[in-house]
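Colleague: below are the sequence and a predicted model; questions follow.
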Amino acid sequence: MVLALSSSRPMGVTILAILEALAGLYYLITGVGDFIAAAVIRSLMLAGMPSEIVPMLPRVVGSMLIIFGLLSLLLAWGLWVGKGWARMTALVFAIVAIILSILSFHLIGIIIDALIIYYLTRPNVKQFFTK
């Protein structure tokens with residue numbers, strides 16, 4: 001894959017798209033790792049528990065992470081090519097992240113997501129997503 005920068009794509013959008021793609025890859029790899037952990041747990045039959053109960057949690061978490069990973073990659077693509085739905089989705093995710101950061105007293109997260117919201121509402125950025 002060649003990372004050719006479009007002359008009309010703002011640099012911040014490029015950075016957000018790349019970071020979102022990296023997060024998606026991380027979720028996918030972690031999800032697959034959870035499935036591997038479930039298989040190992042099942043084969044070991046830890047603590048004499050029934051084999052269907054022990055590996056259930058890693059399979060559920062792994063499935064969720066794989067879904068999140070695929071959605072993150074889709075969002076990264078949408079940001080990269082300037083889809084309007086991707087901008088709106090990124091804004092919603094940033095708002096939800098701010099709420100979660102407030103609940104967990106995570107000041108850095110609040111600042112980063114507030115900057116993302118500010119950036120995605122700038123006129124030149126909005127224009128890129130309205131092609």
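Modeller: Perfect, thanks for sending it. Numbers count the residues shown, from 1 in each chain.
Colleague: so which residues of this structure form helices?
Modeller: 11-44, 56-81, 84-103, 107-120, 123-128 (DSSP state H).
Colleague: what's the first one packed up against?
Modeller: Yep, that's helix 11-44 we're talking about. For helix 11-44, the elements it packs on are helix 56-81, helix 107-120, helix 123-128, judged by 3 or more C-beta pairs under 8 Å, 6 or more residues apart in numbering; DSSP states H and E. (Each C-beta comes from the backbone N, C-alpha and C, glycine too.)
Colleague: in that helix, what counts as buried?
Modeller: Neighbour counts over helix 11-44 (16 or more other C-beta atoms under 10 Å) mark 12-13, 16-17, 20-21, 23-24, 27-28, 31, 34-35, 37-38, 41-42 as buried.
Colleague: what about stretch 68-84, average pLDDT?
Modeller: Mean per-residue pLDDT for stretch 68-84: 96.
Colleague: contacts for that stretch?
Modeller: 9, 13-14, 16-18, 20-21, 23-31, 85-87, 89-90, 93, 128-131 (C-beta atoms under 8 Å, 6 or more residues apart in numbering).
Colleague: what sits closest to the spatially most central residue of the chain if chain neighbours are left out?
Modeller: Centroid-nearest residue in the chain, with C-alpha atoms, centre = their mean: Ser72, separated by 4.1 Å. The shortest distance from Ser72 to any non-neighbouring residue, by C-beta to C-beta, 6 or more residues apart in numbering, is to Gly24 (3.1 Å).
Colleague: for Leu74, see how far away the one you found is.
Modeller: In this structure, Gly24 and Leu74 are 8 Å apart, going by C-beta to C-beta, to the nearest Å.
Colleague: quick one: contacts for the residue nearest to Thr30 when sequence neighbours are not counted?
Modeller: Nearest residue to Thr30 in three dimensions, chain neighbours excluded: Leu65, at 5.1 Å (C-beta to C-beta, 6+ apart). Neighbouring residues of Leu65 by C-beta under 8 Å, 6+ apart: Tyr27, Leu28, Thr30, Gly31, Asp34.
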